[in-house]
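Visitor: output the structure for:
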Amino acid sequence: MMPSQSTRIVYIAGYGRSGSTILDIALGQHPAVIGAGEVTSLTRHVWRNNEYCACGHPIRDCSFWSTVLQEWSKGWDSTLMSEYGALQRKFEGLPMFIKILCGVGLGKQLAPYALHTKRLFDTMLFASDAQMIVDSSKLPGRAMALAQIPGIDMRVIHLVRDGRGVAWSLLKGYERDAKSGLQKEIKPRSVFRTALRWSIVNLAVEYLSRKLGRQKVMRVRYEDFASHPVALMQQIGAFLELDLSHIGSSLQDGHPIAPGHQVAGNRLRMDASIALNKDESWRTRMPAEQQVSFERLGGWMLKRYGYL
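Guide: Next up is the predicted model:
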C-alpha cells in the first residue's frame, strides 16, 4: 500500500444523538467518500467484540474491514490493537484539551499514535478506492489529536442538535440487541446530566474551531440539514470541495439512502434504507418540566445556537 501524501478526513464533532450517523451515511453516498462511522470505536471495542458493521456482517466477516485490519496490522505483533487502544485513551479524551490549554507537551507517545492512526486511514482509503474518509467519532479530543498528525488534512463539521431533543432521546433506555446495532444495554440519562455534558462538549468543539481556524470548521444544525437538505449539502459540498447537490436533492425528494461500512453509532445504520427525518417529537412528548430543567442549565447554549 502506498501512503497518500495528504490524507483527507471529514470529522463530525459534537454530542451524541445529534444526527451524526445519518450525516455520515449521506456524505458516504458520494463515490469519492467512504462513510466509516465512529472510527475511534473500531480498535477500542468493535473488532475485539466482533460487533456488526452497517453492511450487516460481524466486523470480522466484513470484506472491507477484515481487509483493512489485516493490512494495517501486517508487520506488527499481536499486541498492536491493545497498545493502540491505550494510545487512543491517552490522546482522544478531554485530558487532551486540558494539556493543550495548559501548554503541556504531549510526550513521546504521540509519535506512535500519529503513525498508526495515519496508517489506518491510509489503509482505509486504499481498500475503498476513495479520496476522503468521514469519521463521525464526535469526540472533540480525538479531533484535536488528529489535528496534531502531520499529513492529515482534516475538515471538521460541528454538528449541533437542539439539546432538549437530545435529552428526550437519552431519557429512553434500550436492551442490548447486537444484530440491530445495540452492542450494549443503553440506560436512561437524566436531563441534568445531558444538559451539562451537551454544553461542555459543544464548548469544547468551539474551542477546537478557534484552534484550527474557521476555514477548517463548519457548524451545521441537524434541524436545518433535515429541513433543507439541498441547501445544506450544497454548503457542505463547498466546504469540502465536493459536488453533493445530487445527494441533497435525493434527500429532499424523500428517497432513502443505503449505509455502507459504518461502525458503531446509531442503530439506524443497520437499516437497509434510511430516510432523513427531522424528528421533533420531543416538542409535544417531552414533559414541560423536563424541558424547563434543561433550559435552566443549558438555555444560554440553546440561545447561542438559535434554539431559543
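Visitor: from here on, just use CA atoms for contacts and neighbour counts.
Guide: Fine.
Visitor: residue 141 and residue 95, how far apart?
Guide: 8 Å (CA to CA, to the nearest Å).
Visitor: so which of these two has more stuff around it?
Guide: residue 141 (25 against 13; other CA atoms under 10 Å).
Visitor: in terms of helices and strands, where is the more buried one?
Guide: Element membership for residue 141 (DSSP states H and E) is helix 140-147.
Visitor: ditto for residue 65
Guide: Short version, using DSSP H and E: residue 65 is in helix 63-73.
Visitor: what residues does that helix touch?
Guide: Residues outside helix 63-73 that contact it (CA atoms under 8 Å, 6 or more residues apart in numbering): 59, 60, 80, 119, 120, 123, 124, 127, 128, 261.
Visitor: can we see that at 7 Å?
Guide: Under the criterion CA atoms under 7 Å, 6 or more residues apart in numbering, residues 59, 60, 119, 120, 123, 124, 127 lie in contact with helix 63-73.
Visitor: pull out the buried residues from that helix.
Guide: 64, 65, 68, 69, 71, 72, 73 (16 or more other CA atoms under 10 Å).
Visitor: just stretch 241-259 next, same as before
Guide: Result for stretch 241-259 [16+ other CA under 10 Å]: buried residues 242, 244, 245, 247, 248, 249, 250, 251, 252, 257, 258, 259.
Visitor: again with stretch 150-165
Guide: Buried residues in stretch 150-165 (16+ other CA under 10 Å): 151-165.
Visitor: quick check: residue 14 vs residue 202, distance?
Guide: On the measure of CA to CA, residue 14 and residue 202 end up 6 Å apart.
Visitor: distance to residue 228, neighbour count and secondary structure added to the contacts of helix 63-73, as CSV?
Guide: Putting those into CSV (distance: CA to CA, whole Å; neighbours: other CA atoms under 10 Å; DSSP: H, G, I helix; E, B strand; the rest coil) gives the following:
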residue, distance to residue 228, neighbour count, secondary structure
59, 34, 23, helix
60, 38, 19, helix
119, 37, 19, helix
120, 34, 18, helix
123, 35, 22, helix
124, 31, 24, helix
127, 33, 16, helix
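Visitor: before we move on, back to that, residue 14 and residue 202: which has the busier surroundings?
Guide: For the pair residue 14 and residue 202, the greater number of neighbours falls to residue 14 (29 against 19), based on other CA under 10 Å.
Visitor: tell me the pLDDT of the nearest residue to residue 259 once chain neighbours are set aside.
Guide: Spatial nearest neighbour of residue 259, excluding adjacent residues (CA to CA, 6 or more residues apart in numbering): residue 25 at 5.5 Å. At residue 25, the pLDDT value in this model is 98.
Visitor: same deal with residue 105?
Guide: 66.
Visitor: repeat for residue 1
Guide: So, for residue 1, pLDDT stands at 47.
Visitor: for residue 158, helix, strand, or coil?
Guide: Three-state call for residue 158 (DSSP: H, G, I helix; E, B strand; the rest coil): strand.
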